[in-house]
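> next come a sequence and a model predicted from it.
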Amino acid sequence: MLLEVRNLKVRVEDKEILKGINLTVKPGEVHAIMGPNGSGKSTFARALSGHPGYEVTEGEVLYNGQDLLDMDPDERAREGVFMAFQYPVEIPGVNNAYFLKAALNAKRKQAGLDELDAMDFMKLVKEKLKLLHVDDSLLQRSVNEGFSGGEKKRNEIFHMAVLEPKLALLDETDSGLDIDALRVVSEGVNAMRSPDRSFIVVTHYQRLLNYIVPDFVHVLSDGKIVRSGGRELALELEEKGYAGQVEAGARK
Amino acid sequence: MEAMVQAPPAWVKERRDLAAKRFAETGYPTTRQEDWRFTNITPIAETRFAPAQGSFAQAASLVAGVSVAGSLRLAIVNGQFAAGLSDLSTLPKGIRIAGLRDGARDGTDGLEQHLGRVFNIDSHPFAALNTANLDDGVAIFIAAGAAVETPIHIVTVTGGDGTAVAAHPRVLVVAGANSQVRIAQTYIGAADDVYFNNAVVEVVVGEGAIVEYYTDQRESDRAYHIANIQAHVSAKGVFASHAFSTGARIQRHDIGIALKGEGADCTMNGVYLADGERLMDTHTSLDHAMPHCTSHEVYKGILAGKAKAVFNGRIIVRLDAQKTDAKQTNRALLLSDDATINSNPQLEIFADDVKCTHGAAVGQLDEEAMFYLQARGLNRVEARDMLLHAFAGEVMEGLKIPALREQIERNFFAALGRDVELKA
């Protein structure tokens, strides 16, 4: 088991947003978390990444059998949890390639591997850029500074490809993307799918799931998973909308 | 052994006496004076400093420690030019260098004309005190049209082998028309020594000349460092001052640039790290006296511990100075709740067709950026250092002597690890 979430309750400021989430993710699986605005799906991703603004009040999360909630965000990252941000932060003055190299080497150090030098790093970067079909224009710019919405999301996926996580959390990666950008990003994610890498894809729209086909779909409403199913659940949601899901869940 | 003491020429004595008289009238500045409101120099006024004389034990090793390969080195030890620790072996054409004491005695051309003429002792009590103690230092003359490739590195070391000493180093730079030169001055002292270093630097930038002046202040943690840099810039001349500060218990920098000819341009940048109980005060003054001049000013501060910083950025645009373009930015990052800064832009504009902008921002580290970096695997210290590098980088990039830049960056970021405490 890669991830076991048990009765996770999370508060943001004084408001309880997640009211007891249970979820199990095996290696290689892709889980989609869907739900209307305010249902708590982004909160779920951010809490798993360790954002300090999201306070866990109850429950536990086991990652590879370890207590994930006990780890600092950077520890989680070095252990293989990756968060693709909904709103990637602009960091003026920090070179994108330089930052990514530092991040990769922090992770390699933790794993007891040698740090990559600039040449080996650039070789790896070139491979990943090719895999993702993105050009290298983002490399020498400041992290996300002045990037278009599409560039920001592509950069997140590029970071993911270089850092090769075991668990990738995609927080509304599709928001603000046109269809071409969505395709590029999705193809990047698909190229990264492997039996030892799992994804939790948080999205409002089923559209993304046409490109990134999930193994499981969970519907979140008012801080709880109210329905779970296969890919067909996403298609049903597209047809019928989120209305009625809460009741359907309650009846189950 | 008795040193041969020769009386200085009459003009030196006159300027000393006048300055001594002025200082006797004004005395040490107090916090009742606007320019010194946030900077209490009582510890300087109340410490009995012995006049620094001769060298001290660590002088040679301190000079060696900061020396930069490929530069001309001028050592000033306890305010006095130290030929033995200097390296003038590669003196290029177009430069004349003189120790002030010897130069005054020998009647070095230009010395009497310029020394003490670039600033007004009435408004700078410590510069008056320096002049009252005028004894030695260095003078650098760049011939008209000479483009000096080799950087000049003035290494100012101070210490008293356990005795609290006061030194009054003095530098004069005169750049002839259309000449070019890069000069760096490092201030360093015997670690843990209490001393008072009261420096004055005067720069005369001739027509069309380009002078870059870098100040690297890394005095002992218990030192008092007062430095006054004043420059006069002629028409189409360019003067750039870049100041990097990590040391001293109290630092006061007064940097004044007067743009005295049409089309002159200046840059006045600085970045400082104030931690512990340090007080770092920077007072800048830009005098736009003539039309079509431009000025760019960026000061950045990183404050931690219980440090205090003061930034006062004065810009005067005189009636005749039409088409002035002046830009001033002051930013500070507070890494602790107990650090404070007083930031004060001071614009006095008398011309009507000018562009003047100023901005001041005081804030904390961007926690969302911190989280983003952490979420990629950097720990909090690594993430913070990366953001601080980026913050300081804009000013560091202005340092155009690669070997020195590397050294200053290394010193600056090593200083970050001193006692900067991370908030959880």
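Great, that's in hand.

> what helix or strand is the residue nearest in space to the middle of chain A located in?
Centroid-nearest residue in chain A, with C-alpha atoms, centre = their mean: residue A:169, separated by 1.6 Å. Using DSSP states H and E, residue A:169 sits in strand A:167-171.

> residue A:62 now?
strand A:54-63.

> paired strands for the very next helix or strand once past that strand, with orientation please.
Reading on from strand A:54-63 to the C-terminus, the next helix or strand found by DSSP H and E is strand A:66-67. Applying DSSP bridges to the sheet, strand A:66-67 is found paired with strand A:54-63 (antiparallel).

> and the partner strand, what's buried?
By neighbour count on 16 or more other C-beta atoms under 10 Å in any protein chain shown, the buried set for strand A:54-63 is A:54, A:56, A:59, A:61, A:62, A:63. All C-beta atoms are positioned from the backbone trio N, CA, C, and that covers glycine.

> between the residues you listed, which is nearest chain B?
residue A:54 (10.7 Å; C-beta to the nearest C-beta).

> who's in contact with the nearest residue to the closest one once chain neighbours are set aside?
Counting by C-beta to C-beta, 6 or more residues apart in numbering or on different chains, residue A:54 lies nearest to residue A:47, which is 4.3 Å off, once chain neighbours are set aside. Contact analysis of residue A:47 by C-beta atoms under 8 Å, 6 or more residues apart in numbering or on different chains lists A:8, A:10, A:18, A:54, A:56.

> ditto for residue A:186
A:208, A:211, A:212.

> contacting residues around the residue in chain B positioned nearest to chain A?
Here chain B gets closest to chain A at one residue, residue B:390, 2.9 Å apart by C-beta to the nearest C-beta. By C-beta under 8 Å, 6+ apart, the contact set of residue B:390 is A:91, A:92, A:93, A:94, A:142.

> how close does the residue of the stretch 51-200 of chain A found nearest chain B sit to residue A:143?
Residue of the stretch 51-200 of chain A nearest chain B, by C-beta to the nearest C-beta: residue A:93 (2.9 Å). Residue A:93 sits 9 Å away from residue A:143, going by C-beta to C-beta, to the nearest Å.

> between those two, who's got more neighbours?
Taking other C-beta atoms under 10 Å in any protein chain shown, residue A:93 and residue A:143 do not tie; residue A:143 has more neighbours (28 against 17).

> the more buried one pairs with what?
With DSSP bridges as the criterion, residue A:143 is bridged to residue A:91.

> that one reaches residue A:90, doesn't it?
Yes. Counting by C-beta atoms under 8 Å, residue A:143 touches residue A:90, with 7.0 Å between them.

> now the helices for chain B?
Taking DSSP state H, the helices of chain B run over residues B:10-26, B:42-46, B:59-66, B:100-106, B:111-114, B:125-132, B:367-374, B:380-396, B:402-416.

> ok, back up a step: gap between the residue of chain B closest to chain A and residue A:85?
19 Å.

> and residue B:246, by the same measure?
35 Å.

> residue A:58 too?
For residue A:58 relative to residue A:85 (C-beta to C-beta), the value is 26 Å.

> try residue B:368
10 Å.

> and these two? Which one has more around it.
Legend: neighbour count by other C-beta under 10 Å for residue B:368 and residue A:85, higher for residue A:85 (25 against 15).

> picking up where we left off before, among the contacts of residue A:186, who's most crowded?
residue A:208 (25 neighbours).

> report the secondary structure element holding the nearest residue to that residue once chain neighbours are set aside.
Closest residue to residue A:208 apart from its sequence neighbours, by C-beta to C-beta, 6+ apart: residue A:174 at 4.1 Å. Following DSSP H and E, one finds residue A:174 outside all helices and strands.

> next one: phi and psi at residue A:174?
phi -80, psi -10 (degrees, to the nearest 10).
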